[in-house]
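Asks: Below are the sequence and a predicted model for it; my questions follow.
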Amino acid sequence: MVIGVGSWDLSLPECRSLKEKRRVVKSLKERLQHRFRVSVAETRHHDTWTRAELTAAVVTTDRSQADSILDSLDRFVEGDGRAIILGFDRSFR
């Protein structure tokens, strides 16, 4: 069993309040969860309007499958348009 973890450091330049940020982050989290069947959480920058960190975890039988899913998640986040990816980290356990 392989656990793949991906974390995105995001800039949310359009958000002007925590309420707007929460709307964007919640939408992105739910779309990732439903489309890819992964666990997603906001893991940093909770009280900053224009920043967020999202972390997703996937459990698979082999590393190449986990890597492929994390690639798909990264493309999805990048294509969302409401957030700018400042950094992306991935790890496997």
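Replies: Alright, I've got the coordinates.

Asks: Report the contact partners of Glu42.
Replies: 25, 29, 52-54 (Cβ atoms under 8 Å, 6 or more residues apart in numbering). All C-beta spots, glycine's among them, are computed from the backbone N, C-alpha and C.

Asks: Got the confidence number for the residue most central in space within the chain?
Replies: Central residue of the chain (Cα atoms, centre = their mean): Leu54, 4.0 Å from the mean position. Leu54 is assigned 98 on the pLDDT scale.

Asks: so it bridges to which residues?
Replies: Beta bridges link Leu54 to Trp8, Glu42, judged by DSSP bridges.

Asks: My guess is it contacts Trp8. True?
Replies: Yes - using Cβ atoms under 8 Å, Leu54 is in contact with Trp8, at 5.0 Å.

Asks: Which neighbours do those two have in common?
Replies: Between them, Leu54 and Trp8 share these contacting residues under Cβ under 8 Å, 6+ apart: Val77.

Asks: Can you find which helix in the chain contains the most residues?
Replies: The residue-count maximum for a helix in the chain (DSSP state H) belongs to helix 18-36.

Asks: By neighbour count, which bits of that helix are buried? Give me those.
Replies: Using 16 or more other Cβ atoms under 10 Å as the test for burial, helix 18-36 gives 21, 24-25, 28-29, 32.

Asks: cool, stretch 53-60 as well?
Replies: 53-54, 56-58, 60.

Asks: What lies in contact with it?
Replies: Contact with stretch 53-60 is made by 1-10, 25, 28-29, 32, 36, 38-45, 66, 69-70, 73, 77, as judged by Cβ under 8 Å, 6+ apart.
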